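J.: here is the input, now give the coordinates:
(3 chains)
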Amino acid sequence: MGATTLQAQAMAGDSLARHRRRSSWLLLSPAVILLALWAFVPLVMTLLYSFQRYNLLYPERRGFIGVRNYSLLLSDPAFWTAIINTVMLVLSVLVITIVAGILISLLLNQNFPGRAVARLMAIAPFFVLPPVAALIWKNLLFNPISGLIGWLFTRVGLHPVAWFTTSPMLALVIIVAWEWTPFATLILLTALQSLDTDQLEAARMDGAGPVNRVIYIVLPHLARPIAITIMMESIFLLSIFAEILTTTAGGPGEATTTLTYLIYIRALLDFNIGGASAAGVLAIVLANIVAVFLMSAVARNIEA
Amino acid sequence: MEQEKASLTGTIVAWLAAFVMFFPILWMVITAFKTEEQAIAIPPLLLFRPVLSSFGAALAQSGYIHFAENSLIVSLCSTALAVLIAFPAAYAMAFQPGKRTQDLLVWMLSTKMLPPVGVLVPIYLIFRDTDLLDTRTSLVIVDALINLPIVIWMLFSFFRDIPRDILEAAHMDGVGPRGQMIHLLLPLAAPGIASAALLAIILSWNEAFWSINLTAAHAGTLATFIARYSAPEGLFWAKLSAASVLAVAPILIFGSLAQRRMVRGLTVGAVK
Amino acid sequence: MEEKSVARFARTPLAAKGASLRALSRLFPLLLQALQVPKLQAPTLKAQAKEGSTVMQNRLPRARLLAATLAAALVGSGVLAAGGAEAATLTIATVNNPDMLIMQKLSPEFTKETGIGLNWVVLDENTLRERVTTDIATKSGTFDIVTIGTFETPQWGKNGWLDPIGDLGAAYDMNDIFPSVRAGLSYKGTLYAVPFYAESSMTYYRKDLFQAAGLTMPTEPTYDDIAKFADKLNDPSKGVYGICLRGLPGWGENMAFLTTLVNTFGGAWFDMKWEPLLTSAPWEKAISFYVDLMKRDGPPNATSNGFTENLALFSTGKCGMWIDATVAAGYLYDPAKSKVAADVGVAPAPIAVTPHGAHWLWSWALAIPSTSRQEADAKKFLAWATSKSYIDLVGRTDGWVSAPPGTRESTYKNQDYLKAAPFAPLVEQSILTADPEHPTLNPVPYTGVQFVGIPEFQGIGTTVGQDIAAALAGQTSVSQALAKAQASTRRSMIDAGYIQ
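T.: Okay, here's the model as predicted:
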């Protein structure tokens, strides 16, 4: 049902529409007001702080310093690196989780023995606390000396890889993708379940191979759920933090310092609330630019 | 309709994929039953006499029950609160859409993009001044607000799939929005509400940043419980695994029971 | 209806404390039951909906759902209010080190003696520091006792955030506490925290491997010696790396060790005008030495090894040598925890050009925030947990090797302790000779051996630590890393107003 039809229906009766508009606000207001408070009060405070010299550790040295926090931040090469890292992390995790999600959901949508258990196993990582996920990977799997993956590498004649030293971003992407693939799988699997099997059957009768069936029937069917997955995941991926802190602490160098992590360093290591607030304001601006692009693309899909 | 049976290759590959995804969790559970020396032994031990000492150590001093109780209360209450606020809002957006409904929805989702670290100090000051630091109330409020946009969005998707003629008919019979919501929408959308609630419970259970930074001795959740295991001195792989199993087990069991329902809720709106 | 419930929820007095958990626990099954609505397939759902009668039949479960949700929220708001300080209960924030966990375990003794209850908040070091600093700096008063180190104590004392310790009674014997440790926990001669344990740094080595390779550890090793030994001991095919050193970025991780290394190479963080010296010759030499040594003889993945990881490596026999905190000795010499307990040897921290600042001084100490409302009771706990009789208690209950080290002269005269801890004399000597007031060859405007005692150092140290980790990982050269570190440090110092 498209938005226009909905609106057309809403306009059907004139009195009806007027009555509704009134009650509509009443119903929406709790959510809107609360979210506005939640979004705006800290934002306004953050904006104020971002123009101040404000370090928690120097209570006596506080005052207005104009745009100094912003100019310091924008002239800091670490800031630009962090933006690139954030984009890299979010994009690669999105690509991996969507591709893996499609493949796994196609596999799990087959009719095979023990399907319910297999589905559960594939979805389980979604329920793991982020710091726990990071610690499992860092200590039990990726550790080149006592970790399982390193041991497997030596078994097949390779050198164990020092993941967090040689390819820290890749290691981080693997961990985060592992956490979020189940989410994509979950959504896409359900979408597949509503796929019209008659259509697939007909295509099969017409001699379409499995690959063609996936490309021409399944994937178009999944377009909207994929768009929704991308939108929801980006929201969560932009604020990935615990995984970085526990595994690489943003390093080596700035290899895994994302914008969120940079703000963490400013806010909770420097306790430079002014600088952190400036970075926070820029992060919100950037997130909203992304949001506008992303959401307008996805929003079309929500209504489609 | 009966789905055609998968081929042997298809079955094997599907099981393999499921196993690969599950393996880190399995390995964590296995490690939890090892001694510390066994936990870092190379080659890794697959056959060993399981011991419970790591669980004993994890449970001994830490007040696990207290943290688990907080996690339970906070995730349930914040979810209840979020659903209560979201329900009328989603109703209004789905059945009485205006020109701005779409923008409103997008704006709501975009409030989730505020990086929590950047606003810690303002939020901390607000809770200090309202005397809510280290209370479950503060976490309930924060978690409810964090999850509110997603709950609204899920309910909205759900409501849109409900045939409008029913509500129209009810309206003609003089049933107001309140009556429509309670007597018609609630039973019709119950699966949707349940799945939105389940997702909110899981997200709230896994929320770590605010749970650690707004609490002290009283209101800490299982995320706080884990924070003490993230870098102690000495060998701690087995103890860490045991503590992690303890932290993850309740939600894992809950999630697996609820999985099917949640799947439906996330996508009923999405797949049509 | 909905708005009213929300309003009622908001108005429900939060002070309705102690609302019984039982009521809630009775509600959960109800809530869950209510959520078990019949599974409706979408087509059935529509069909059903069209028949009003079916809808009406569904009224019961629907009413139950609403009631349960509402009730959970309302009861919840009462339950939520649990919290807040009760009389004679202290809230203590502490770090998750084994010594602190023993303190937590033994603390019922204190409650038995005094009737004062204790609430523990145990966190890892980084989280603890964020948590406590946020709370104290915003004067929120959540904690009655905090665990802080020699880095924070003088700064917070200066800010007036901590109560001066003052007199803890004759039995406490303040003069028994090592003067260097007391100095590290004071600001302008006033003591602001009492040490729970203290540590310096020293060299650990494997006597068995040294013997097999025909090497002897000198009584005062130099870094040249260490490099030679490491080359000989390194044998990755047997799973033994010549040397393990910290590589995990962080001001309290790799930079703690590296700052002592730079100190003994004759360098310093800043000159007397607060100009950073990170591109000076001593830094270049020290960091190149470290990176070369670790690339040659260190374990893989060194950039993710901090104190904890290295302790695990050494105690499982993967390292020939390790230069780190003296507090690790208690663990490494304990046969129950360490595979190499019989073969560990200790030597002083190595020296390069100057002995100044070659080994550090750190102490985890207990302090009372000035926002605490229970200073008198908190003071009683401080006196209990850092007293001679507490050390005695740990010796009796957990074994003398676990006694909190490094704080009191009397511990180092105790024959039981000396028997259990053969490393004790070296630890004592290292702590006594560490001099945070004069940490470098040339005079500097700051105090602290392995850190610079200014608030900005946490951020600066961590950023520089990341740059050096990048060099260790081979992403950049040492001079590139140091140039970058110099630039960012200078920027921070200008920002903070040290450099005009």
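J.: chain C: strands as residue ranges?
T.: Assigned by DSSP state E, chain C shows strands spanning C:89-95, C:117-123, C:145-148, C:186-187, C:190-191, C:194-199, C:201-206, C:241-244, C:319-325, C:344-348, C:362-367.
J.: would you give the sheet partners of the third one, along with the direction of each?
T.: Strand C:145-148 has these partner strands in its sheet, going by DSSP bridges: strand C:89-95 (parallel), strand C:362-367 (antiparallel).
J.: try the fifth one
T.: When sheet partners are counted by DSSP bridges, strand C:190-191 sits next to strand C:186-187 (antiparallel).
J.: turn the strands paired with strand C:145-148 into TSV, including mean neighbour count.
T.: Using the backbone N, CA and C atoms, a C-beta is placed for each residue, glycine as well. Formatted as TSV, the strands paired with strand C:145-148 follow (neighbours: other Cβ atoms under 10 Å in any protein chain shown):
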stretch	mean neighbour count
strand C:89-95	23
strand C:362-367	27
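J.: quick one: which of the ones you listed is nearest residue B:144?
T.: Closest approach to residue B:144 among the strands paired with strand C:145-148 is made by strand C:89-95 (26.1 Å; Cβ to Cβ).
J.: for that closest one, the distance to its chain's centre please.
T.: Computed by Cα atoms, centre = their mean, to the nearest Å, the chain-centroid distance of strand C:89-95 equals 15 Å.
J.: how much does that strand deviate in direction from strand C:194-199?
T.: Following axes from the mean of the first three to the mean of the last three Cα atoms, to 10 degrees, one obtains 20 degrees for the angle between strand C:89-95 and strand C:194-199.
J.: pick out the residue of chain A closest to chain C.
T.: Here chain A gets closest to chain C at one residue, residue A:253, 2.7 Å apart by Cβ to the nearest Cβ.
J.: which helix or which strand is home to that residue?
T.: Assigned by DSSP states H and E, residue A:253 belongs to neither a helix nor a strand.
J.: okay, now the unreliable bits of chain B?
T.: Residue ranges of chain B with pLDDT under 70: B:1-3, B:61-62, B:114, B:230-235, B:259-272.
J.: do that again at 50, thanks
T.: Filtered on pLDDT under 50, chain B yields the residue ranges B:1, B:267-272.
J.: quick check, central residue of it?
T.: Nearest to the geometric centre of chain B sits residue B:202, at 1.3 Å (Cα atoms, centre = their mean).
J.: give the contact list for it.
T.: Shown in contact with residue B:202 (Cβ atoms under 8 Å, 6 or more residues apart in numbering or on different chains): A:126-127, B:75, B:251, B:254-255, B:262.
J.: list the buried residues for stretch C:227-241?
T.: C:227, C:229-230, C:232-234, C:240-241 (16 or more other Cβ atoms under 10 Å in any protein chain shown).
J.: same check, this time on stretch C:147-166
T.: C:147-157, C:159, C:161-163, C:165.
J.: same deal with stretch C:99-112?
T.: C:99-104, C:106-107, C:110.
J.: tabulate the residues you listed in JSON lines, adding columns for pLDDT.
T.: Converted to JSON lines, the buried residues of stretch C:99-112 look like this (pLDDT from 0 to 100):
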{"residue": "C:99", "pLDDT": "86"}
{"residue": "C:100", "pLDDT": "87"}
{"residue": "C:101", "pLDDT": "83"}
{"residue": "C:102", "pLDDT": "87"}
{"residue": "C:103", "pLDDT": "91"}
{"residue": "C:104", "pLDDT": "89"}
{"residue": "C:106", "pLDDT": "92"}
{"residue": "C:107", "pLDDT": "92"}
{"residue": "C:110", "pLDDT": "94"}
